[in-house]
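Visitor: This is a predicted model, with the sequence first.
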Amino acid sequence: MAEPSKAQTSDRKSLLIWILVLLSVLVLAQWQSSLPDLKSYPAAWTLPATDWLNTGMDWVVGAFKPVFRALSAVMEYPLFWVSGFLGWLPWSVGTVIAVIIGYRAGAWPLAAFTGGSILYILLMGLWPDTMNSLALVAVSVPLAVLLGFGLGVAGYYSPRVERFLTPVMDITQTVPAFAYLLPILILFGFGPVVGLIAGIIFAFPPMVKNTIIGLRDVPSDIIESGLMSGATKGQLFFLVRARAGLRQILLGVNQTTMAALNMIIVASIIGGSEDIGWRVLSTLRKAEFGESLVAGIVIALMAMVLDRITYGLATRAPDMSPQQGFFGRHQFGLTVMGAAALTYLAALGLPDLQTWPDDWTVDPAGGLNFGIEVFVLWAKPVLDSVKNFIIFTLVLPLKIGLVNVVGPYTWGFTATVWHAVGYAALVAAGSGLAFWRGRRGQAITIVSFGLIMFFGLTNLTWPGASLLLIWFGFRSGGARLAFWTLAALVFILSTGSYDKAILSVQLCGLAVAASFLIGTGLGIAAAQSDPFSRILRPINDTLQTMPVFVLLIPVIMIFKIGEFSALLAIIAYAVVAPIRYTEYGLRNVSKDVIEAATSMGATRSQLLWRVKVPLAMPNIMLGLNQAIMFGISMLVVTALVGTDELGQIIYIGLSKGNFGIGFVAGMAMAVIALLADQYCRAWQKRIDAKLKGARP
Amino acid sequence: MKHKRRLGLLAAALTLGTSSFAQAQAPESPDPIRIAVNEWTGQILSATIAGEVLKKMGYNVELVIAGALPQLAAIEQGELDFNPEVWDNSVTDAYTNGLASGSIIAAGPLGLEPREGWIYPAYMEELCPGLPSYKALYDCAMAFGTAETFPNGRLVGYPADWGTRDIDVVKAIGMPFNVVPGGSEGAMLAELKSAIAAKEPILMMFWEPHWIFAEQDLRFVEWNPIDGECIEETQVKETACGFAQAEAQKIYSDDFAAKYPAAAAMIAKFTLKNADQNAMILEVDQKGRSVEELAAEWMTKNEAVWSTWIQ
């Protein structure tokens, strides 16, 4: 800390600027009715970014189409052979192989889980569809892994490459696939290969990230001992460094597999094969909840089995030390081959072992549909009033402001000037109290929030909102963050995306805040209680791997098409990250620290709130970061329940066959995500600094 | 809307003209004719039946699953050959531009008679006695209202990417309704089903033929009769005509007629009727029978019809 007097003057200055900024926001919001250009950015000032993008794409298509077509033709081969093989494979042989691999990766529990999942797929009569989806995953994952590993190695050796890769990966993960669907369709041609490409683009980043971390974090003594034993550069890399980082690299494989599974649905929207994603989509189109749930569970199960297997193989990898040698691995291969061959021979004699007979399938869809209908009828009245309460007190005020929401039908009275004065007094009192207690940050937050809730985000006016954001950026992350905020705003304003962007921010902001609060709470509870953690885990897995579309049907049945359903959908998906990271962070607080705190007589709650939570803060913040990323990626899905934001623009671009429109919206989503990420980091830094200050 | 129709007819006339000159013997090529299969039952039936007829002519046929939008890019690129049922109301600029540039050829209407407009469940007639006339909606907007739309009624419109026709009509005739974009067909059906189950008020932009009409008692809002085409944006309250009606078009790729002249000639004659399709959709969606089975049944029953197409 600098000298107090200096700090005080700078504090005073910043307070003054805060007051000026908030005052100008207030004045601008009041004046907007007389100056329509204030509310939404004038269309005349926008740049024709859409046209530029379309021209650029036409050029790329014209110049490189043959190259991409050739690539596409090459990639069709593995897909053709793999899906041909999986289609031919008798179910009994496939099951035996999968169960043995499951046993290898995680002993009997995982073998049983694998077997059970396959039994479910067979009973539902979805084996052929599942194999078609698996073929897509089986081809896209190795390609994504190879690409990611290569780029990761390049990024490890050259910081310049890494600096280039980081934003590219952020963009490929945040720009929704639909935004670049048109160019890849035209470049690669129609067919399953397009789904494959989309899958690879989305799935390779985790591999790059984990490869870089894996290679970098190899302890220097291992490298030194490698050097001392006279390893050449190549040996040093493959035999020493890559092997020592193998565990992390394999975790990258695991993450890449999960990401590829997320793309099954997207690949189906493009079309080309009769797979599980297609089944989910076509049943969703008919709003058949039961049928789509049955198929959606298959995707969730596939994801869970592949996750456990790749994770199991990844974490047991270090045991495969040279002593065990080739014999160990050989034995496993032989077991699989032998068992598969025996089963195949048996299947030759028994046709029922080749194709699962129709008589052995069950169809729970009708029951599920009936059940959900009964539930909806029962729950609707109660939940409707909850919904209205939240919409009138939180969702709508944030969007259009209390000044427009309060009325006889919503709040039960007509708003007068005196209500506004009362509201202002309340905000002022809260802020004054915080200020008096020496909490300036809190005082400013209360006034800003009071202002936003009064006028609504959409009525803040674009100059007002920009001013507020830039100054906030400067205060939280210095000139650098202020600059990035400005750059993001320039992009969003000049492409004419401001109106939709602000609606996206409103929807996502609310949903992410709720996810973070709920998720962190559940994560803390799970870290404190093992049984609760065990209950939560499969729920988390399902929420994250089952296509979110499926959950939308019952949500719409209860809450109708509109913003509230969208909010719930985002929360259901984004809540998982904070739960997981919070629990992980709390459970991994160093045992020494806990022992020290306990020996000093800390109670259980002191231990949690004073020791564990502060120490787990980096992980908790990572949970927030991920919740934001997931939240923004859900905007494409919420557009399907009728929200009016950037996700909607992507579909409009698609339906117009206009690449530029959708891509600009996708980039705007990426820009918002990246900026939010920067704010999280800045916040995290301040927390770190505070923690360091508190513990000398 | 109007432009689309005109272009379609023009293109259809052109193809009819050219194909009658080419009297080649089928099959001209052993390459399979790739027919697009979309995700709704009616189209799957049309595609399967068209495929069966083409097979009778000796062609190799491949049915390819394709999303409604990507299929257009694929047909433009010549990677898919033919789609017997494309609704010119739900398709988009990609379709119109394809027709205009000549990379997609319209082969005339399939013969189904669609209907588009606002639907409501039968029980709404008790809550809003003037129905089915659109005029009743002015007085009982509140019967269709929710807290969020107060004091207006709530109309669930088409998803935003299907265009803004419902919003245009509401504006043109000054209806006291807020239009909520439907998001997607699945979302619209989910809301419709649950509203009916709970006997809640609902008014929704929808289209026929659709299987939901076989399952539920749904009625269309009725408009003033009109000579010629209804112009949606400029109608007024007193003489409102509602919506211009769409058509299901047959389309194929630009080099299709040159490569398979006999197939193109058959496609020009290929038609299906509402009643045929509705009955088959019901069998498939409600009674769980397979599309192939019904297509085969249709082929045996209608041999007299399709044998004239392939001459």
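Guide: Looks like it arrived, so ask away.
Visitor: Just the pLDDT for residue 79.
Guide: Picking chain A for this. Residue A:79 carries a pLDDT value of 88.
Visitor: let's do chain B instead
Guide: pLDDT recorded at residue B:79 is 84.
Visitor: Could you do residue B:53 as well?
Guide: Taking residue B:53 on its own, its pLDDT is 93.
Visitor: Now do it: how many residues are near it, please.
Guide: The number of residues packed near residue B:53 is 26, by other C-beta atoms under 10 Å in any protein chain shown. For glycine as for every other residue, the C-beta is placed from the backbone atoms N, C-alpha and C.
Visitor: now do residue A:309
Guide: 21.
Visitor: Could you do residue A:602 as well?
Guide: Neighbours of residue A:602 (other C-beta under 10 Å): 16.
Visitor: now do residue A:679
Guide: 20.
Visitor: before we move on, what about the one 5 residues further on?
Guide: Residues lying near residue A:684 (other C-beta under 10 Å) number 17.
Visitor: which residue sits closest to it in space, ignoring its chain neighbours?
Guide: Counting by C-beta to C-beta, 6 or more residues apart in numbering or on different chains, the nearest residue to residue A:684 once its immediate chain neighbours are dropped is residue A:621, at 4.6 Å.
Visitor: quick one: what helix or strand has that neighbour in it?
Guide: Element membership of residue A:621 [criterion: DSSP states H and E] is helix A:613-633.
Visitor: buried residues in that helix?
Guide: Buried positions in helix A:613-633, judged by neighbour count with 16 or more other C-beta atoms under 10 Å in any protein chain shown: A:613, A:615-617, A:619-633.
Visitor: and residue A:175, what is it in contact with?
Guide: With C-beta atoms under 8 Å, 6 or more residues apart in numbering or on different chains as the criterion, the residues that contact residue A:175 are A:663, A:666, A:667, A:669, A:670.
Visitor: One more: residue A:52?
Guide: residue A:660.
Visitor: Can you read off the pLDDT for it?
Guide: pLDDT for residue A:52: 91.
Visitor: Roughly how far does it sit from residue A:199?
Guide: Using C-beta to C-beta, to the nearest Å, one obtains 28 Å as the distance from residue A:52 to residue A:199.
Visitor: quick one on the thing from earlier: for the helix holding residue A:621, what does the pLDDT average out to?
Guide: On average, the pLDDT along helix A:613-633 is 86.
Visitor: Now the helix or strand following it: buried residues?
Guide: From helix A:613-633 onward toward the C-terminus, using DSSP H and E, the following helix or strand is helix A:635-638. Within helix A:635-638, the residues that qualify as buried are A:635, A:636, A:637, A:638, counting by 16+ other C-beta under 10 Å.
Visitor: Give me the contacts around helix A:635-638.
Guide: Residues contacting helix A:635-638 (C-beta under 8 Å, 6+ apart): A:176, A:178, A:504, A:507-508, A:548-549, A:552, A:566, A:569-570, A:573, A:643, A:645-647, A:650-651, A:669.
Visitor: Outside of the following helix or strand past it itself, list whatever touches it.
Guide: The first helix or strand that comes after helix A:635-638 along the chain, using DSSP H and E, is helix A:646-656. Applying C-beta under 8 Å, 6+ apart, the contact partners of helix A:646-656 are A:176, A:178-179, A:181-182, A:497, A:500-501, A:503-504, A:635-639, A:659-666, A:668-669, B:69, B:92-94, B:159-162, B:181.
Visitor: nearest to residue A:309, of the buried residues of helix A:635-638?
Guide: residue A:637 (27.7 Å; C-beta to C-beta).
Visitor: Next up, the contacts around residue A:460.
Guide: By C-beta under 8 Å, 6+ apart, the contact set of residue A:460 is A:25, A:28, A:29, A:452, A:468, A:502.
Visitor: quick one: it from residue A:382, how far?
Guide: Using C-beta to C-beta, residue A:460 is found at 35 Å from residue A:382.
Visitor: Contact residues of the stretch 201-311 of chain B facing chain A?
Guide: Residues of the stretch 201-311 of chain B lying close to chain A by C-beta under 8 Å from any C-beta of the partner chain are B:211, B:285.
Visitor: again, only this time at 10 Å
Guide: Within reach of chain A by C-beta under 10 Å from any C-beta of the partner chain, the stretch 201-311 of chain B has these residues: B:202, B:204, B:210, B:211, B:212, B:285, B:288.
Visitor: follow-up on the earlier one: switch the contacts of residue A:175 over to CSV; also include pLDDT, neighbour count and distance to chain B.
Guide: CSV is the format used below for those (pLDDT from 0 to 100; neighbours: other C-beta atoms under 10 Å in any protein chain shown; distance: C-beta to the nearest C-beta, whole Å):
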residue, pLDDT, neighbour count, distance to chain B
A:663, 92, 25, 15
A:666, 93, 25, 15
A:667, 93, 21, 19
A:669, 93, 28, 16
A:670, 92, 23, 21
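Visitor: Which of those fall within helices?
Guide: Of the contacts of residue A:175, the ones assigned to helices by DSSP state H are A:663, A:666, A:667, A:669, A:670.
Visitor: The lengthiest helix in chain A relative to helix A:646-656, how many degrees between them?
Guide: Longest helix of chain A, by residue count under DSSP H: helix A:49-88. For helix A:49-88 against helix A:646-656, the angle by axes from the mean of the first three to the mean of the last three C-alpha atoms, to 10 degrees is 80 degrees.
Visitor: buried ones in helix A:49-88?
Guide: Buried positions in helix A:49-88, judged by neighbour count with 16+ other C-beta under 10 Å: A:49-50, A:53-54, A:57, A:68, A:72, A:75-76, A:78-79, A:82-83, A:86.
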